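Colleague: using only what follows, build the 3D model:
(chains A and B)
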Amino acid sequence: MRLASWNVNSLKVRLPHLLDWLDEAKPDLLGLQETKLVDEKFPREAIESAGYHVAFAGQPTYNGVAVLARADRFAPLDACVVNDPSLPDDQKRLLAVTATPLDGGPSLRFINAYMPNGSAVGSEKYAYKLAWLAALRDRLAAELEQHARLALVGDFNIAPEDIDVHDPAAWQGQILCSEPERAAFQAFVALGLHDSLRLVHPSAEGAFSWWDYRQAGFRRNLGLRIDLVMISSALQSAVLDAGIDKGPRKREQPSDHAPVWADLRDA
DNA sequence: ATGGCATTATGCTAATGA
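Modeller: Okay, the predicted model is just below:
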């Protein structure tokens, strides 16, 4: 079973890339972020024609999330929850679904998040980010009580450790790397969520998921690892491999993020 | 040094992202 996450930075622009990647990587469950589409304009038919169930929640211009599940392996997505009453506002950043395999295997709770960027340490948006992350932690604690088999995927907008940063000295204390943000990430870890890539590649360097469009950031691998697939303790021993697919980032008119994935042994 | 690049919208400039 392949779990994946991709910040597409406009699904309208990136739909051809998405359809190609579905065909190529065949993820079982995929969380998308920054679809930047109102629901009326979501390309549901194109995605269903590619063999996927889909749930989505969008708004104009910013944010927007979606979850795709292979229709040949899962029942239509169930118990979809958008956002959370305790979150500070109604930005479309969180979409949780329950995926039930058609073969009778155990279901999986799949939570897709586009965590706030935070703009700059100390800004109003930064305070919003920290409040949002705290609310998500509380929601995850409740979700884990209901669903031992749980994955949290998305654009975390946090580089968990210095190894996830191309130039840790330059980024020290900056947005995406500040101690309060990393502490919020560690609060997810404390709930029993594991960063799948570090489970299988604990010391891999230069494994980034985002590169600035400017200054030839991708060619020079000046990136950050801010997109993650985290899995609960019940799934930890099932992880076979995890990685980042740089292929789509090499194409014309790419998203600035690459898809990230983790392969799990079927239950 | 606050730009550089990409996307969106009460559009041709401004806001946002990371």
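Colleague: can you get me the start-to-end distance on stretch A:239-248?
Modeller: 24 Å (C-alpha to C-alpha, to the nearest Å).
Colleague: for the residue of the stretch 101-250 of chain A found nearest DNA strand B, which non-adjacent residue is closest in space?
Modeller: Nearest to DNA strand B in the stretch 101-250 of chain A, going by C-beta to the nearest atom of the strand, is residue A:117, at a distance of 3.2 Å. Glycine gets a C-beta too; all of them are placed from N, C-alpha and C. Nearest residue to residue A:117, sequence neighbours excluded (C-beta to C-beta, 6 or more residues apart in numbering): residue A:157, at 5.1 Å.
Colleague: from what I see, that neighbour and residue A:226 are in contact.
Modeller: Yes - contact criterion C-beta atoms under 8 Å: residue A:157 and residue A:226 qualify, at 5.6 Å.
Colleague: endpoints of stretch A:77-86, how far apart?
Modeller: Start and end residues of stretch A:77-86 are separated by 24 Å (C-alpha to C-alpha).
Colleague: give me phi/psi at residue A:170?
Modeller: Residue A:170 has phi and psi values of phi -70, psi -30 when expressed as degrees, to the nearest 10.
Colleague: for it, give its distance to residue A:213.
Modeller: From residue A:170 across to residue A:213, the span is 18 Å (C-beta to C-beta, to the nearest Å).
Colleague: before we move on, the earlier item: model confidence score at the residue of the stretch 101-250 of chain A closest to DNA strand B, please.
Modeller: The model reports residue A:117 with a pLDDT of 98.
Colleague: show the contacting residues for it.
Modeller: Shown in contact with residue A:117 (C-beta atoms under 8 Å, 6 or more residues apart in numbering): A:125, A:129, A:157, A:175-176.
Colleague: ok, 10 Å please
Modeller: Taking C-beta atoms under 10 Å, 6 or more residues apart in numbering, we find residue A:117 in contact with A:125-126, A:128-129, A:155, A:157, A:175-176, A:226.
Colleague: residue A:208 now?
Modeller: Counting by C-beta under 10 Å, 6+ apart, residue A:208 makes contact with A:159, A:164-166, A:217-218, A:221-227, A:244, A:246, A:249, A:257-258.
Colleague: just checking, the residue nearest to residue A:117 touches residue A:209?
Modeller: No - using C-beta atoms under 10 Å, residue A:157 makes no contact with residue A:209, being 11.1 Å away.
Colleague: list residues touching both of those two?
Modeller: Residues touching both residue A:157 and residue A:209 (C-beta under 10 Å, 6+ apart) are A:7, A:224, A:226-227.
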